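In: Just need the structure, nothing else, for what follows:
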Amino acid sequence: MPKKFLKRYLPDPKKTKEIKALRFLGDRLHSPNLWHLNRHSVARAFAIGLWAMYTPPLPWQQIIAAALAIYFNANLPIAVALVWITNPLTWVPMYYFAYELGAYILGTPVFSFDQFSQLFSIEKALQLGAPLLVGCAILMHAGSVLGYFGVQYLWRRSVLHQLNLRKFRDTALNSAVMARETYGTYMKFLEHRYKHRREGKD
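Out: You can find the predicted model right below:
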């Protein structure tokens, strides 16, 4: 997972520090560890953000994500940004999925989506009882695990890909190289070589 890609879409650090819900953190917001972009800090941030997004709604989600980011030494902007996956536009379908999952696990009858959307509000969420809480708990932990190991896998894959491209960058094109590499790898190699030479000319 390239750092350039993450930096392109990360929230502006200044704007993150100005979020009112995070002011209680004080000087801790300036800790450099909370802004590092490496495999471990980003993986932990995804785990935290995807876990916190099913906790009580904004601004509590941001507070929980920020506190956990500090405790686990994760990238704070990513952790806080991910909780916005659940927002006023997505609350109903996402919480309905959690409610339906919980009801299925518990074997209880469920409301239809139309009934749920008419009934649901943040104030009434707890009145939906165990099905919603169980569903949210399952999705929180599943999302956290998938987020952490997904980032670890993609980051390692990206690093290995870049190492392979560097290794082949100055390799002479011959039949031995073509026979040793798969078609997909070889085409990526040619594309990277062409791009590298083009940038060198520019």
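In: Next up, the contacts around G143.
Out: By Cβ atoms under 8 Å, 6 or more residues apart in numbering, G143 lies in contact with L50, W51, M53, Y54. Where C-beta positions appear, they are placed from N, C-alpha and C, glycine not excepted.
In: mind checking pLDDT for the third one?
Out: Read that as M53. Note on M53: pLDDT of 91.
In: Can you verify my assumption that it contacts Q61?
Out: Yes: judged on Cβ atoms under 8 Å, M53 makes contact with Q61 at a distance of 6.1 Å.
In: Any chance you could list residues touching both of those two?
Out: Shared contacts of M53 and Q61, defined by Cβ under 8 Å, 6+ apart, comprise V83, T86.
In: Can you report how many residues lie near A47?
Out: Close neighbours of A47, defined as other Cβ atoms under 10 Å, add up to 26.
In: contacting residues around it?
Out: A74, S144, V145, G147, Y148.
In: what do you get for A45?
Out: A69, A74, N75, L76, P77, I78, A79, L82.
In: what kind of secondary structure is the second one in?
Out: The local conformation at A74, judged by DSSP: H, G, I helix; E, B strand; the rest coil, is coil.
In: Now name the helix or strand holding the closest residue to it other than its chain neighbours.
Out: In this structure, A74 finds its nearest non-sequential neighbour in R44, 3.6 Å apart by Cβ to Cβ, 6 or more residues apart in numbering. Taking DSSP states H and E as the criterion, the element that holds R44 is helix 39-52.
In: Tell me the buried residues in that helix?
Out: Neighbour counts over helix 39-52 (16 or more other Cβ atoms under 10 Å) mark 40-52 as buried.
In: Take the residues you listed and write them to CSV, including distance to Q115.
Out: CSV is the format used below for those (distance: Cβ to Cβ, whole Å):
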residue, distance to Q115
H40, 44
S41, 43
V42, 40
A43, 39
R44, 39
A45, 36
F46, 34
A47, 34
I48, 33
G49, 30
L50, 28
W51, 29
A52, 28
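In: Widest-spaced pair of these?
Out: Greatest spatial distance in those: H40 and A52, 18.4 Å, computed using Cβ to Cβ.
In: In contact with Q152, which residues?
Out: Remark: with contacts taken as Cβ under 8 Å, 6+ apart, Q152 is in contact with R39, A43.
In: which SS class is it?
Out: Secondary structure, three-state DSSP: Q152 is helix.
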